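**Q** no sequence on this one, just coordinates:
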C-alpha cells in the first residue's frame with residue numbers, strides 16, 4: 001500500500017504596507033544622520049580616534065539612507081495612488097449597482113410624497129372644519145342675542161361658556177369640557193419635528209430651526225392629536 005503524500009499550501013503573505021517601509025527608511029535615515037553628527041562632534045572635541053575614512057563612510061551611509069527614504073516615499077505614493085484608484089472603481093461599481101437595483105429611483109418617493117400631500121390636505125380640511133365649528137360655538141355664546149347682558153338665563157347657567165386661560169388663550173367650555181381652537185400650522189410643524197430624528201443628520205438638522213418654534217406649542221391649550229383619548233380637550 002502506497003502512502004499518499006499530502007502537500008500543504010502555505011498561505012500567501014499579506015502585502016507589506018508601504019507606510020511601514022517609509023517609517024523604517026525614515027528611522028534608518030535619522031539614525032545615520034545622528035551617527036554623522038556624533039562623529040563630527042567628536043572630531044571637534046579633539047578625539048583623534050575618529051578617522052577621515054570613518055567619517056566619510058558615515059556621510060556616505062547617511063546619504064544612502066536618505067535616498068532609500070526618498071525611494072520608500074515614492075513607492076508609497078505610487079501604492080496609495082493605485083489604492084485610491086481601486087477604491088474609486090469599487091465605489092463607482094457600487095453606485096451603478098445601486099442605480100440598477102432601483103434604490104435611486106424616484107417613483108416610490110414621488111408616490112410617498114403624493115400620499116403625504118393628500119394626508120396634509122385631509123388634515124387641513126378637517127382642522128378647518130373643526131375651527132369653524134369652534135368659532136360658531138364661541139359666536140353662539142358671545143354673539144347677539146346670546147350675550148348675558150341681553151337678559152334671561154346666562155349661557156354659563158346652561159352649561160356653556162367662553163373664558164380664557166391664565167395666558168389669555170380662549171376656550172369654549174361645554175358640559176365641563178374645555179375645547180381650544182386648533183393652530184393647524186403648529187401641528188403640521190410638530191409632525192416635521194417628530195420626523196426630524198429619523199432623517200439623516202445632513203438634512204434633518206436643517207428642518208429643526210424652521211419648525212421647532214411653532215411645534216413647541218402644538219399641544220399647549222389645544223387638542224393633543226397624538227393622544228386620541230384626549231382629542232376632545234380637558235376638564236375645566
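**A** Perfect, I can see it now. Note that the structure is predicted; figures quoted are calculated from it, not measured.
**Q** Now that residue 162 has come up, it's in contact with residue 140, right?
**A** No - at 9.6 Å, residue 162 and residue 140 do not qualify as touching, with contact defined as Cβ atoms under 8 Å. All C-beta atoms are positioned from the backbone trio N, CA, C, and that covers glycine.
**Q** Neighbour count: the two, which is higher?
**A** residue 162 (16 against 13; other Cβ atoms under 10 Å).
**Q** Could you list every helix and strand in contact with the helix of greatest length in the chain?
**A** Assignment by DSSP state H gives helix 52-101 as the longest helix of the chain. Counting contacts by 3 or more Cβ pairs under 8 Å, 6 or more residues apart in numbering; DSSP states H and E, helix 52-101 is packed against helix 18-44.
**Q** Against residue 88, how distant is residue 33?
**A** For residue 33, the distance to residue 88 under the criterion Cβ to Cβ, to the nearest Å works out to 38 Å.
**Q** follow-up on the earlier one: what about the longest helix of the chain, distance to the chain center?
**A** Between the centre of helix 52-101 and the centre of its chain there are 35 Å (Cα atoms, centre = their mean, to the nearest Å).
**Q** Could you name the helices and strands sitting against the helix or strand following that helix?
**A** Helices and strands here follow DSSP states H and E; after helix 52-101, the next one along the chain is helix 107-142. If contacts are counted by 3+ Cβ pairs under 8 Å, 6+ apart, helix 107-142 sits against strand 160-164, strand 170-174, helix 184-196.
**Q** Minimum distance to residue 84: which of these has it?
**A** For the helices and strands packed on helix 107-142, proximity to residue 84 was assessed by Cβ to Cβ; helix 184-196 is nearest, at 35.6 Å.
**Q** Could I get the buried residue list for that closest one?
**A** Within helix 184-196, the residues that count as buried by 16 or more other Cβ atoms under 10 Å are 184, 186-193, 196.
**Q** Next, give me the two most distant ones among these.
**A** The most widely separated members of the buried residues of helix 184-196, counting by Cβ to Cβ, are 184 and 196 (19.2 Å).
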